[in-house]
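Asker: fold the following, please.
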Amino acid sequence: MALFNYTFFILAALLSLFVIVKKMNADFLTKYLLFVLINSFFIYLIFDEKIALIVILICSIGLIFNLNYPFTKKTTLILIVSVILGILRVPVSSIEFDSYLKDTYSIECLGNECVRVEKVINDEDMKLEANKEQIQGYAFNWYYVFSAGEIKLNEKSFRAINIMGFWFPLTTPTSATN
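Answerer: Model (predicted):
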């Protein structure tokens, strides 16, 4: 499958290079931005690299600024492109919510158990403490323009919302009984 992906990407890159260089009558900057935009789109589409969306946004803004439109129309186009690319960054599966829990709260889950690692700092020493907890409830929902995730452990509940690829905690970690 990887060989097919690489072959398809190389063919798409060569085809876009041929069409842009040979068939388009535009200045060099427009051709360059269009080539990078198209290939970044294929990188996102084939390899699921979300960082390519940032490159697509930058190239789109460059192409929009290069147009002979009034400033308000350019601003509107930039906002539309930004919203569309932001929506593409919203996670559709719970894998990114699990990564958010791991990065933010040091919670690693497997099956119906989670391990929460905490740093304990005393006057003279520092150590790591691992707490094993059972999952009491887990939910992840995708709503096209945002995602919401929640996990309830023995002692605490964690809720967050993802808007345009950025996680925002809805509540501070509270007791799961509240």
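
Asker: quick one, strands of this protein?
Answerer: Under the criterion DSSP state E, the chain contains strands at 107-110, 113-121, 126-134, 137-142, 146-152, 156-163, 166-169, 174-175.

Asker: for residue 17, find the nearest of these.
Answerer: strand 166-169 (34.1 Å; Cβ to Cβ). (C-beta placed from N, C-alpha, C; glycine too.)

Asker: quick revisit: of the strands of the chain, which is nearest residue 8?
Answerer: Relative to residue 8, the nearest member of these by Cβ to Cβ is strand 137-142, separated by 26.9 Å.

Asker: can I see the domain layout of this protein?
Answerer: The domain map for the chain lists 2-88, 95-175, with the assignment taken from automatic domain parsing.

Asker: any idea how far the residue lying closest to residue 82 once chain neighbours are set aside is from residue 84?
Answerer: Spatial nearest neighbour of residue 82, excluding adjacent residues (Cβ to Cβ, 6 or more residues apart in numbering): residue 57 at 6.5 Å. In this structure, residue 57 and residue 84 are separated by 9 Å, where distance is defined by Cβ to Cβ, to the nearest Å.
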